[in-house]
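[1] Everything below, folded, please.
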Amino acid sequence: MSNLVITGGSRLCGIIEVPGAKNAVLPVLAATLLNKGTSILENCPELDDVTTMLEILGALGCGIRREGSRIEVDASRLTASSIPEALARKMRSSIIILGALLARCGEVHVSYPGGCEIGLRPIDMHLKALSQMGAQIDGINDGILCCRAEKLTGCEILLDYPSVGATENIMLAASMAEGETIIRNAAKEPEIDDLQAFLRKLGVQVSGAGTGVIRIQGTREIKAEPVHRIIPDRIVAGTYLAAAAATGGSLVVTGVIYDHIGSVLYCLKRCGCRIKNYSGNVIALESNGNLTALDLVRTSPYPGFPTDMQPQMVALLSKCRGTSVVVETVFENRFRYTEQLMKLGADISVQGRTAIIRGVDKLKAAQLEARDLRGGAALVIGALAAEGTSSISGVNYIDRGYERMEKVLSSIGADIKRVET
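    Predicted coordinates for the structure are as follows:
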């Protein structure tokens, strides 16, 4: 186990390059199961979740070769249709294997997915959609979900909510289904567009990503040798920009897509940060540390403010003058981390899905525990802005979404180190 030991008070100044997106690479890795050939992915982040996904693919019979940020997946010979329970329970995104494996093998056995405990994340929309396409869902017995389909048939699917995971699972299943599948009220996140780009390289006719309606024309035989570069991680970019803002720093972020984090940049500007955009993929932020509160931030599906940036924004608002209100509309338990921020001296009141943050002049060091991925990132921001030396346990959660965070932050002036316990 590891702890992050952080001595706050240093301004974050410098340049960082954003790695590939966790939430993009995982569904693309699942999509490699559709290919009866070798897929090459570039700009893949070195994260625990990516390692877990590769272990799942390996357990299914895929050949895996990984060199830094480059991954090769040979899915020409699958030997299994069951996902090991221990691996599936490590992360929520394991459920994205469902659609691809069902399409390729006609059968899949997977345990109910695990991950961060930030609220109920039911997979009913996934299962309902697959049932509409002809899958038989045997239900969850002893925690194992069994799905079978002699043939998947394209159909029209209306999602009750623009779920990213459900949209991706349907796209994967529909890629090898007979006929056309239409997804209405589809998620619009950039990661959906990245999955579409990869599927097209496999020869799948798919269009509409980024809109509310996606159309997929299925094909039974997929054998290609695609080379695909994963899009940059908008949440990692937003996290480091929020950290620089909280410490009164000056940060240049490269390799980012400006439009992907437009809502985050809008809030940072409203707080008083100065932001410049160069060539669409370089963002410069300057903060004097004397920032002002936001009257209301409400999370919502893309292009709204992302729920995955909500904890980091609350950490920043804890040091902003005035009172801010943050409403969480996606995950009902996402404010659990605020108890830890309050150990630093943050003044936060949570009422259901609403947090009221009254900015304080100073935060002071404390012993903290990360209990989920983005909440852990929020604690890092709080500790960087606090006086004294803080220690954060539960670093395994942070490692699921941030590639060597302590090294990145050290490179721009943070006093942070990883200590093995």
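
[2] so where do the helices sit in this structure?
    Counting by DSSP state H, the chain has helices at residues 22-31, 48-59, 85-88, 97-105, 124-132, 164-174, 190-201, 234-246, 262-271, 310-317, 338-343, 373-385, 395-399, 405-411.

[3] Give me the neighbour count for Arg11.
    Arg11 has 18 neighbouring residues, counting by other CB atoms under 10 Å. For the C-beta atoms, the positions are set from N, CA and C on the backbone; glycine is no exception.

[4] correct me, but it touches Ser250?
    Yes. Counting by CB atoms under 8 Å, Arg11 touches Ser250, with 7.4 Å between them.

[5] mean pLDDT for the helices of the chain: which is lowest?
    Confidence, taken as mean pLDDT, is least for helix 85-88 of those (a mean of 83).

[6] which strands and helices sit next to it?
    helix 48-59, strand 107-111 (3 or more CB pairs under 8 Å, 6 or more residues apart in numbering; DSSP states H and E).

[7] Reformat those as JSON lines; add distance to Val380 and mean neighbour count.
    Shown next, in JSON lines, are the helices and strands packed on helix 85-88 (distance: least, CB to CB, whole Å; neighbours: other CB atoms under 10 Å):
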{"stretch": "helix 48-59", "distance to Val380": "16", "mean neighbour count": "20"}
{"stretch": "strand 107-111", "distance to Val380": "31", "mean neighbour count": "21"}
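
[8] Select, out of these, the one closest to Ala315.
    Closest approach to Ala315 among the helices and strands packed on helix 85-88 is made by helix 48-59 (22.2 Å; CB to CB).

[9] then that closest one to CSV, C-alphas only?
    Coordinates of each C-alpha in helix 48-59 appear next as CSV, following Å, rounded to 0.1, in the frame of the first residue of the first chain:
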residue,chain,number,x,y,z
ASP,A,48,-4.3,0.2,-13.2
ASP,A,49,-7.7,0.0,-15.0
VAL,A,50,-5.9,-0.4,-18.3
THR,A,51,-3.8,-3.2,-16.8
THR,A,52,-6.9,-4.9,-15.5
MET,A,53,-8.6,-4.7,-18.9
LEU,A,54,-5.6,-6.2,-20.6
GLU,A,55,-5.6,-9.0,-18.0
ILE,A,56,-9.3,-9.6,-18.9
LEU,A,57,-8.5,-9.8,-22.6
GLY,A,58,-5.6,-12.1,-21.9
ALA,A,59,-7.9,-14.4,-19.9
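
[10] Give me the contacts around that helix.
    Among residues not part of helix 48-59, those counted as contacts by CB atoms under 8 Å, 6 or more residues apart in numbering are 22, 25-26, 29-30, 32-33, 44, 64, 66, 71, 73, 75, 80, 83-84, 87-88, 90-91, 93-94, 97, 396, 399-401.

[11] now the angle between helix 22-31 and that helix, please.
    Relative orientation of helix 48-59 versus helix 22-31 (axes from the mean of the first three to the mean of the last three CA atoms, to 10 degrees): 0 degrees.

[12] what about stretch 260-276, start to end distance?
    End-to-end distance for stretch 260-276: 15 Å, by CA to CA, to the nearest Å.

[13] I meant to write stretch 174-189 there.
    End-to-end for stretch 174-189, by CA to CA: 19 Å.

[14] Pull out the buried members of the contacts of helix 48-59.
    Listed as buried from the contacts of helix 48-59 are 22, 25-26, 29-30, 32-33, 44, 64, 71, 73, 75, 83-84, 87-88, 90-91, 93-94, 97, 399-401; burial here means 16 or more other CB atoms under 10 Å.

[15] can you list the domain ranges for the chain.
    Domains of the chain are assigned by automatic domain parsing as 2-18+232-420, 22-229.

[16] Quickly list what Ser250 is bridged to.
    Cys13, Glu286 (DSSP bridges).

[17] Please report how far it lies from Leu291.
    14 Å (CB to CB, to the nearest Å).

[18] now do Arg184
    41 Å.

[19] So between Ser250 and Leu291, which is more surrounded?
    Set side by side, Ser250 and Leu291 show more neighbours around Leu291, with 22 against 18, by other CB under 10 Å.

[20] List the residues that contact the more buried one.
    245, 271-273, 316, 319-321.

[21] Return stretch 398-416 as CSV; C-alpha atoms alone will do.
    What follows is stretch 398-416 as a C-alpha-only set of coordinates in CSV (Å, rounded to 0.1, in the frame of the first residue of the first chain):
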residue,chain,number,x,y,z
ILE,A,398,-6.1,7.6,-7.6
ASP,A,399,-3.8,5.2,-9.6
ARG,A,400,-6.9,4.0,-11.4
GLY,A,401,-7.2,7.3,-13.3
TYR,A,402,-3.9,9.2,-13.0
GLU,A,403,-0.6,8.1,-14.5
ARG,A,404,2.1,8.6,-11.9
MET,A,405,0.4,11.7,-10.4
GLU,A,406,3.2,12.4,-7.9
LYS,A,407,5.8,12.6,-10.7
VAL,A,408,3.6,14.9,-12.8
LEU,A,409,2.9,17.2,-9.9
SER,A,410,6.6,17.2,-8.8
SER,A,411,7.6,18.3,-12.3
ILE,A,412,5.6,21.5,-11.9
GLY,A,413,6.7,22.4,-8.4
ALA,A,414,4.6,20.4,-6.0
ASP,A,415,6.2,19.0,-2.8
ILE,A,416,4.8,15.5,-3.1
